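Novice: Here you go, sequence then predicted model.
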Amino acid sequence: MAVPVAFFALFFAYPVAAIVARGLKVDGVWQFGRIADVLGQSDIRHVLWFTSWQALASTGLTLLVALPAAYVFARFDFPGKQFLRAVVTVPFVLPTVVVGTAFLALVGRGGLLDELWGVRLDTTVWAILLAHVFFNYAVVVRTVGGLWAQLDPRQEEAARMLGSSRWAAWRKVTLPALAPAVAAAALMVFLFTFTSFGVVQILGGPTFSTLEVEIYRQTSEIFDLATAAVLTVIQFVAVGAILAVHAWTVRRRETALRLVDASVTARRPRGAGQWGLLAGVVGCIVVLLALPLAVLVQRSLDAPDFGYYRALTDADGGVFLVAPIEAIGNSLEYAVVATVIAVLIGGLAAAALTRRDAGRFVRGFDALLMLPLGVSAVTVGFGFLIALDEPPLDLRATWILVPLAQALVGVPFVVRTMLPVLRAVDERLREAAAVLGASPWRVWREVDLPMVRRALLIAAGFAFAVSLGEFGATVFIARPDNPTLPVAVARLLGRAGELNYGQAMALSTVLMVVCAVALLVLERLRTDRTGEF
């Protein structure tokens, strides 16, 4: 536990505490009255209200659209199922900047809907809600569908035999068993939409602002650190409450059910109704998930002879100090380093959490590992600049800041991927190896490692994908001569001109392809098809 605790203390808790202290401390005295002053501002209350209700609306809409797909993937067996499952997951690993860009190409000015029917949804809440459903669709499908596939269908069939209607049997037998998974998925969707930044920043324009966007505005544009600190504390409290409830629902799901092998519960669709449901789900995936990405690719090819891609090799000195194409190499290098850090820290944390005799401190640290997914990345990034600028942690001018910020987001995925596999290793195997004289390191190398090798590769793949797309913190700390792909896309979209717009589409397409390829490789590595990610 020593290395993970030290890592999170130095590169998460310390920067966040530093920026909060900078905003709420005056001459060494805490000014907690500032919290009431900030909450008394009507525009801040409006931000809090919009953040909350759009998160609730996004969560409800995502559940409504994705639950039928969770049933289809859990109970039906059909050609191309694993490929379609990978397609569903691609939007979740895409950077939020790419998601915003894809929907901008679909519903924005000059987008597909604008050209065909004169309909524009950018700068409206509908664009934000649809993009959130696009991004979080896989959370519901994989979390709820993963459990649904392991529920014994004979229980529902027994209820039907005893006279219950199909609806009554589902409502009284299946739904109570699914409730913890549905709650867990809903809480995760709410968390991701409550802290939404890139999507709202690109699609919402100046009209809409979430807590995360407002923290960015107060920090980088107005430089009101006191207000930013108060909003960070509010977000921290809200995220902590969400994660606490999520941990409780996950524990309930793990302990309250008897599950069966998922391979025996799926069968080919029967009858017109089931085939119609399958066709509807596939159609929804094509329209909601594939169409925005296809439009993104099409917009990047609008210029003849791959003009937008060729323009990426030119440095005009306006947006970047280097050619935009160099952002691809920078992102790959940063992501590889961040992946190594995330696998090391997350692997050690998962190994510690595997111990059955772990105390409350270790179990509590499990929940804390999820905080980087919900706490303001903007706060972390700006906190890096404030806190890590003096010896012995004078890292402000070094390149390592970017991989460190990216690794913070990757560690939770590593832990969540490796922990179930490590817990499944029979403790008696380790004990037998120790009795035969193996050292702890040799036990890990010859007992645990062969069993968790695939999980380790999958964890590294997810850490790589999410590190590649990290934006909230990187936008502060990426140097102008070493931009990452998400930062480059955001800067290009922030400037007027068809060429800048086209280059943003081209870079987003490159980033999408890299993430999609990584995910397809992960799907081939997976042996357990029932987990969340």
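Specialist: Sure, I can see it.

Novice: Can you get me a residue count around the closest residue to F462 other than its chain neighbours?
Specialist: Nearest residue to F462, sequence neighbours excluded (C-beta to C-beta, 6 or more residues apart in numbering): F413, at 4.3 Å. For every residue, glycine as well, the C-beta is placed using N, CA and C. Using other C-beta atoms under 10 Å, F413 is surrounded by 25 other residues.

Novice: quick check, F413 in a helix?
Specialist: Yes: counting by DSSP: H, G, I helix; E, B strand; the rest coil, F413 is part of a helix.

Novice: next helix or strand past the helix or strand of the chain with the lowest mean pLDDT?
Specialist: Least confident helix or strand, the chain: helix 360-368 with a mean of 68, by mean pLDDT, DSSP states H and E. Using DSSP states H and E, the next helix or strand after helix 360-368 towards the C-terminus is helix 371-374.

Novice: That following helix - contacts with which helices or strands?
Specialist: Counting contacts by 3 or more C-beta pairs under 8 Å, 6 or more residues apart in numbering; DSSP states H and E, helix 371-374 is packed against helix 175-194, helix 225-255, helix 401-424.

Novice: which other residues reach that helix?
Specialist: Helix 371-374 is contacted from outside by 12, 191-192, 194-195, 235, 239-240, 242-243, 380, 408-409, 411-412, using C-beta atoms under 8 Å, 6 or more residues apart in numbering.

Novice: Give the helix, strand or coil label for V119.
Specialist: Going by three-state DSSP: V119 is coil.

Novice: check contacts around it.
Specialist: The contact partners of V119, taken as C-beta under 8 Å, 6+ apart, are 107, 113.

Novice: ok, so what distance separates A506 from G145?
Specialist: Per C-beta to C-beta, to the nearest Å, A506 is found 34 Å from G145.

Novice: ok, and for stretch 16-31, which residues are buried?
Specialist: Buried positions in stretch 16-31, judged by neighbour count with 16 or more other C-beta atoms under 10 Å: 16, 18-24.

Novice: Let me know the closest of these to F134.
Specialist: Nearest to F134 out of those is V16 (C-beta to C-beta; 29.4 Å).

Novice: Name the SS class of that closest one, please.
Specialist: helix.

Novice: re earlier: determine which two of the contacts of helix 371-374 are furthest apart.
Specialist: Using C-beta to C-beta, the two most remote members of the contacts of helix 371-374 are F194 and V411, lying 20.5 Å apart.

Novice: Between those two, which has more neighbouring residues?
Specialist: Neighbours per residue (other C-beta under 10 Å) separate F194 from V411, with V411 holding more: 31 against 22.

Novice: Can you tell me the closest non-neighbouring residue to that one?
Specialist: V411 sits nearest to G346 (C-beta to C-beta, 6+ apart), 4.4 Å away.

Novice: name the element that neighbour belongs to?
Specialist: helix 326-354.

Novice: what mean pLDDT does that helix have?
Specialist: On average, the pLDDT along helix 326-354 is 89.

Novice: Next: stretch 228-238.
Specialist: Stretch 228-238 shows a mean pLDDT of 83.

Novice: ok, now stretch 382-396?
Specialist: Per-region confidence: stretch 382-396 scores 80 on mean pLDDT.

Novice: For that stretch, list every residue counted as buried.
Specialist: 382-385, 387-388, 395.

Novice: Next: stretch 288-295.
Specialist: Applying 16+ other C-beta under 10 Å to stretch 288-295 flags 288-289, 292-293, 295 as buried.

Novice: Please apply the same query to stretch 47-56.
Specialist: Within stretch 47-56, the residues scored as buried using 16+ other C-beta under 10 Å are 47-48, 50-51, 54-55.

Novice: Same check on stretch 148-158?
Specialist: By neighbour count on 16+ other C-beta under 10 Å, the buried set for stretch 148-158 is 148-153, 156.

Novice: Where do the strands of the stretch 1-150 of the chain begin and end?
Specialist: Using DSSP state E, counting those that start in this stretch, the strands of the stretch 1-150 of the chain run over 25-26, 29-30.

Novice: Tabulate these (CSV), appending distance to G280 and mean pLDDT.
Specialist: Listed next are the strands of the stretch 1-150 of the chain as CSV, based on distance: least, C-beta to C-beta, whole Å; pLDDT from 0 to 100:
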stretch, distance to G280, mean pLDDT
strand 25-26, 56, 76
strand 29-30, 56, 78
